[in-house]
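A.B. asks: Here is my input; please provide its structure:
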Amino acid sequence: MEEKSYIGGVVSGLKSLGTGLKTTMREFFTPKITEQYPENRDSNEMFERFRGSLTMPHNEQNEHKCVGCGLCQMACPNGSIKVTSEFYETPDGKKKKRLVKYEYDLGCCMFCMLCTRACPHGAITFDQSYENAVFNRAKLVKVLNHPGSHVEEKK
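C.D. replies: Numbers count the residues shown, from 1 in each chain. You can find the predicted model right below:
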């Protein structure tokens with residue numbers, strides 16, 4: 001390996017310093033895109049593909065689209081969904097399945113979206129919520145179906 005002279009080392013150091021200063025000055029004058037969180041909490045919007053937490057949308061009559069089939073539970077690779085359903089008899093004598101409880105563990109969810117893709121009725125979606133910090137992991141287990149809710153009737 002060839003050694004540099006004293007002057008060659010100084011020139012090489014100055015060249016390296018100039019490259020670093022050029023990068024610093026270029027970044028100093030570019031527009032900033034940093035979000036000022038939490039000051040902008042009210043106006044902050046996440047990008048469209050962001051996956052916050054799993055939700056089950058309900059309409060004004062407290063109805064949802066989940067029939068309790070359990071396909072989302074089977075598609076979940078790490079068991080963060082637990083669907084509890086039961087069979088009941090309709091007035092015309094048929095047996096049907098209905099959702100009793102839909103539990104979702106946000107703490108072990110890896111946001112892969114396999115559950116939403118597996119759902120044939122489009123009953124679950126990911127929302128844009130991003131403030132999920134808690135002091136107790138038990139608070140990350142959520143029941144998604146509202147009390148007294150039932151399946152949306154087909155029209």
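A.B. asks: residues in contact with residue 138?
C.D. replies: For residue 138, the contact set (CB atoms under 8 Å, 6 or more residues apart in numbering) is empty. No exception for glycine: its C-beta is placed from N, CA and C like everyone else's.
A.B. asks: Am I right that it is in a strand?
C.D. replies: No - secondary structure of residue 138 (DSSP: H, G, I helix; E, B strand; the rest coil): helix, not part of a strand.
A.B. asks: And it, how far from residue 103?
C.D. replies: Relative to residue 103, residue 138 is positioned 12 Å away (CB to CB, to the nearest Å).
A.B. asks: what's the answer for residue 97, then?
C.D. replies: Distance from residue 97 to residue 103, by CB to CB: 17 Å.
A.B. asks: Would you mind confirming that residue 149 is in contact with residue 65?
C.D. replies: No - counting by CB atoms under 8 Å, residue 65 is not a contact partner of residue 149; they are 10.7 Å apart.
A.B. asks: average model confidence for the lengthiest helix in the chain?
C.D. replies: Criterion DSSP state H: the longest helix present in the chain is helix 6-29. Average pLDDT, helix 6-29: 93.
A.B. asks: What of stretch 45-53?
C.D. replies: Here stretch 45-53 scores 87 as its mean pLDDT.
A.B. asks: Ok, stretch 32-42 next?
C.D. replies: Averaged across stretch 32-42, the pLDDT comes to 82.
A.B. asks: ok, residues contacting it?
C.D. replies: For stretch 32-42, the external contacting residues (CB under 8 Å, 6+ apart) are residue 44.
A.B. asks: Would you state the helices of the chain in chain order?
C.D. replies: 6-29, 71-75, 114-118.
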